[in-house]
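> mind looking at a prediction? Sequence and model below.
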Amino acid sequence: MGDRLGVPALLSDWLFTSAFGVYMLAALLCSAEYALTRHAANPHAFAVRVGRSGVALTVLGGLLHLGSAVLRGVATGRVPWGNMYEYLSAVGLIAVGVWLYLVFRHDMRRMSVFVLLPVALLLFLAGNRLYAEAAPLVPALRSYWIVIHVAAAIMASGVFLLSGVVSALHLISSGEFTRKKDKPVRRLPPAEDLDRIAYRTGTVGFLTLTFAIITGAVWAEEAWGRFWGWDPKETVAFASWVCYAAYLHARATAGWRGRRSAWINVIGLVVVLFNLFFVNLVAVGLHSYAGVE
């Protein structure tokens, strides 16, 4: 990793790598707590101490991660989400921040390993496959809309990651793939609690995505002279919006609440990931600003 723009860029890279290592260690401790817990309602005291240590490390990793983003912004003199490396890093940071809120608000600590591992995978891909040296924005992105539109898209992606993971855990907890009496299932929170948290986070993500699509349309009109042109990025973003609208509708509809709506939420996450990776890295369109050579 280069230090083309001096010490802040080098420190940002170092903090990013450190955050990844701390997240992996936190995931190890959280997985140990999950393995040592026989039943969610009766956790072992040692398992609880291990899990709390994992949360403490997650907080430390989040602070290192935040420092990396701030220093990247200092080094470049702009917002730290101008390419895919920075975008994925920001999505991971949002996911960790919102998850820590859920941990302290809803006692979701034992589920941390299922969030930390996907976040660590995002950071691994960002740092090893999609890394871009600190540099100014490309001319097409030099607009105040990058602060508004892209920040909303990052927030939505991070929240949807959590919502989709929790819905997947809800399916497991409700016996979709295994028997409810199996030990791994008994360690999960009740399916009803997972369903409620997935719905609440999904609602926040949907509202944020709606705002991102609206502000993106305004930016498109300013930059390209039209609000909508069915560019690959626009098309898949709209598809994800439809998926999450369907999820919220299904979640509020008798007969669809529970497993059926959870499946729709998981499908929505798949569409978001498709948009994040395939559309950004493979498809060619007006939104091709990944910064990957």
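That came in fine, so what should we check first?
> hang on, isn't residue 251 packed against residue 257?
Yes. Using CB atoms under 8 Å, residue 251 is in contact with residue 257, at 5.8 Å. Glycine gets a C-beta too; all of them are placed from N, C-alpha and C.
> more neighbours: which of the two?
Comparing residue 251 with residue 257 by other CB atoms under 10 Å, the one with more neighbours is residue 251, at 22 against 14.
> so what secondary structure elements neighbour the helix or strand hosting residue 198?
For residue 198, the host element (DSSP states H and E) is helix 191-224. Contacts defined by 3 or more CB pairs under 8 Å, 6 or more residues apart in numbering; DSSP states H and E place helix 191-224 against helix 84-106, helix 145, helix 151-173, helix 232-251, helix 259-274.
> check which residues of the fourth one are buried.
It refers to helix 232-251. The neighbour-count check on helix 232-251 (16 or more other CB atoms under 10 Å) flags 232-237, 240-241, 243-244, 246-248, 250-251 as buried.
> now do the contacts for residue 69.
By CB atoms under 8 Å, 6 or more residues apart in numbering, the contact set of residue 69 is 12, 80, 86, 89-90, 93.
> would you list the phi and psi of it?
phi -70, psi -40 (degrees, to the nearest 10).
> relative to residue 275, how far out is residue 6?
34 Å (CB to CB, to the nearest Å).
> among the two, which residue is more densely surrounded?
Ranked by neighbour count (other CB under 10 Å), residue 6 and residue 275 place residue 275 first, with 21 against 11.
> pLDDT at the more buried one, what is it?
On the pLDDT scale, residue 275 is placed at 90.
> mind checking how far the nearest residue to it once chain neighbours are set aside is from residue 230?
The shortest distance from residue 275 to any non-neighbouring residue, by CB to CB, 6 or more residues apart in numbering, is to residue 236 (4.2 Å). Separation of residue 236 from residue 230 (CB to CB): 10 Å.
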